[in-house]
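1. Here is a sequence together with a model predicted from it:
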Amino acid sequence: MNPNENPELRRLFDDYLRMYAGRDDRLTSLFSENFSGFTGGGDFLVKDRDEWVRITRLDFAQVKDAIRIELRDVSIQSLAETIAVATGFFVIHLPIEDQILSRETARLVLIFRKECGGWKIAHSSISIPYQGVRQGEVYPLADLAERNRFLEDLASGRTVQLAAANDNLRRLNEQLTREIAERQLAERALVESEARYRSVLLASPDDITIADPEGRVVMVSPMAMQLFGFAEPQQFIGRPVTDFIVPEDRARAMAQVALRRQGVKTGASEYHGLRLDGTVFDIEVNSEFMRDAEGTPTGLVVIVRDITARKQVEAERERLEAMNRQLQKSESLGRMAGAIAHHFNNQLQAVMMGLEAAMTELPARATGISYLADAMAAARRAAEVSTQMLTYLGQSHGQRAPQDLCDTCRHCLPLLRVVLPQGTALETTLPSPGPQVFANANQIQQVLANLVTNAVEARSDGPGEVHLTVTTVLAADVPATNSFPIDWQPRHPSYACIEVADTGSGIAEGDIEQLFDPFFSSKFTGRGLGLAVVLGIARAHGGVVHVESKPGRTVFRVYLPVTDAAGAHSSAVGRRHQDRPRPEAAAQ
């Protein structure tokens, strides 16, 4: 309520609405003796209270049951101390079926005057567009009755028309019933066909995808979600089928689809599938276009099979075959080289003893003594080759002792720097203290010399770098691929790693298996047993050699068992090859 409203007047206004809606005759007591007003459907002005009371009671008699008033808005204005006006907007709902009055807004104005007996209603005017109100009526009930009769007549006429229409509909219905029965039979057959098709999709271990002729997915089998990591089939719909393989394979896949469109049979194709989380896996894809009677493509069927396990089996088989070849070759070379080395060494011992005896018997200045000295030097070099061959076979152990591998490498640095050509830098990362190994120091130095020499020879002309690093790793971190001897298995919890890396042109994948063969070289005719000796020393120490190569970088890693049990659990253990200590020195 407006704070400026007179509470008594608002209560009087509310009482008026309540008594009028309730058909309450007490409403007539609220009218002033000096009264004027007009009704919503009347065309005359009432100037007498008694006449207004008569009209009010006629209203109540015409509609005896209570009506409902839906008040929309109200305003009460005080014009003077004894005069106020109330204006209200509302909708009248009669207690009969009514589609006229209930849609109209009534407008009521009441003028209150304060008299000796209290506030009275001196004027009432209500405005409703009552079209059809007749003499003696307040509401257009007679007009409503006539409209109902008109509607009944109209309905009667329409009934005849409807009868004829119903007859036509009956005939149409009979025809439709026959068509529906036929359609139901067709639909039942279709449902059965779809059920069989759905069973195939559910039972298939492969993804069966249906695409439109342009290659956009229309439907997928449940296996598609499992293969590609999606939660809902809708995630596939509308996307090109090539979205689910890696970008590098998409052009090849589109070329295959184009051949299929032309009717060319190409067989299954292998691609790298792309899952929702970005992981890649191996798939085999068969596809074929569905065609209409004219041969026009109407859709594309794509069958996708996960061949990851098959690829792993093939890779493992290839690895085992390569291992078997290597073992057979190593065994054959070992037997032959061992026999030759021992036989050759025995013969050289006899030659060297004869040469030494001859040099002892001849005077120091005798003619030909220098020839004998040259022969002795050549024999010693030949004996050194024989010793290297035995080392390659792991049959030459030498004196071993516990030692700090980093200290051993540091002692060898002056010798290593001598063999480096001008412009080649040797960078070292040798932590202190280093890992403890049980090894022959001379053989470790021989390993370093051979690896650095190999790195220098592998590098192209121009400045370059050779990196020497020592780390400690867990046995589980020793790579299994490109590791030699290929039948090596870890026997210790941790291993010391000597790593020599160069910036050369790299090693061809096909040459890696032959790297450790005696006298093998990919650069020029083999000149010796450098890498073969490295492998032999590693084998004799219970270690392994790993090769990693790509254009611009080749890394040889020699793993030797760590002998200090406490060192196997030091902070250095488990450090990955990528986690390097800070370089301690650089030369050249």
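-> Nice, I can see it.

2. can you pull out the helices in the stretch 451-588 of the chain?
-> Secondary structure of the stretch 451-588 of the chain (DSSP state H, counting those that start in this stretch): helices at 530-540.

3. just for it, where's the confidence low?
-> Along the stretch 451-588 of the chain, the model assigns pLDDT under 70 to residues 459-462, 519, 521-529, 564-588.

4. if I pick residue 240, what's in contact with it?
-> By C-beta atoms under 8 Å, 6 or more residues apart in numbering, residue 240 lies in contact with 215, 216, 217. Every residue, glycine included, has its C-beta placed from N, CA and C.

5. Of those residues - the most surrounded one?
-> Most neighbours among the contacts of residue 240, by other C-beta atoms under 10 Å: residue 217, with 22 neighbours.

6. got a list of what it touches?
-> 209, 210, 211, 236, 237, 238, 239, 240, 241.

7. Selection in ChimeraX covering whichever of those residues are buried, please.
-> Buried subset of these, written as a ChimeraX selection, criterion 16 or more other C-beta atoms under 10 Å:
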select :209,210,211,236,241
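
8. In a markdown table, list the contacts of residue 217 along with secondary structure.
-> Converted to a markdown table, those look like this (DSSP: H, G, I helix; E, B strand; the rest coil):
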| residue | secondary structure |
| --- | --- |
| 209 | strand |
| 210 | strand |
| 211 | strand |
| 236 | coil |
| 237 | coil |
| 238 | coil |
| 239 | coil |
| 240 | strand |
| 241 | helix |
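
9. Of the contacts of residue 217, which is the nearest to residue 518?
-> residue 241 (53.5 Å; C-beta to C-beta).

10. Check the closest one and give its pLDDT.
-> For residue 241, the pLDDT comes out at 91.

11. Quick check, it in contact with residue 303.
-> No - contact criterion C-beta atoms under 8 Å: residue 241 and residue 303 do not qualify, at 11.4 Å.

12. can you list residues touching both of these two?
-> In contact with both residue 241 and residue 303: residue 209, using C-beta under 8 Å, 6+ apart.

13. For the contacts of residue 240, give me a markdown table that also has pLDDT.
-> Below are these laid out as a markdown table (pLDDT from 0 to 100):
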| residue | pLDDT |
| --- | --- |
| 215 | 89 |
| 216 | 93 |
| 217 | 93 |
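
14. Which of these fall in strands?
-> Judged by DSSP state E, strands contain the following of the contacts of residue 240: residue 217.

15. Give me the three-state assignment for residue 412.
-> Assigned with three-state DSSP, residue 412 falls in the helix class.

16. how much space between it and residue 287?
-> Distance, residue 412 to residue 287, using C-beta to C-beta, to the nearest Å: 61 Å.

17. do you know how far the residue nearest the centre of the chain is from residue 242?
-> Centroid-nearest residue in the chain, with C-alpha atoms, centre = their mean: residue 277, separated by 2.4 Å. Applying C-beta to C-beta, the value for residue 277 to residue 242 is 19 Å.

18. Specify the residue ranges that define each domain of the protein.
-> Annotated domains of the chain cover 7-144, 204-306, 321-392, 401-587 [automatic domain parsing].

19. So for residue 155, which of those domains sits nearest?
-> When the domains of the chain are compared (using C-beta to C-beta), the closest one is domain 7-144, at 15.4 Å.

20. how many neighbours does residue 269 have?
-> Residues within reach of residue 269, counting by other C-beta under 10 Å, total 17.

21. ok, it - contacts?
-> Neighbour list for residue 269: 252, 253, 256, 284, 285, 286 [criterion: C-beta under 8 Å, 6+ apart].
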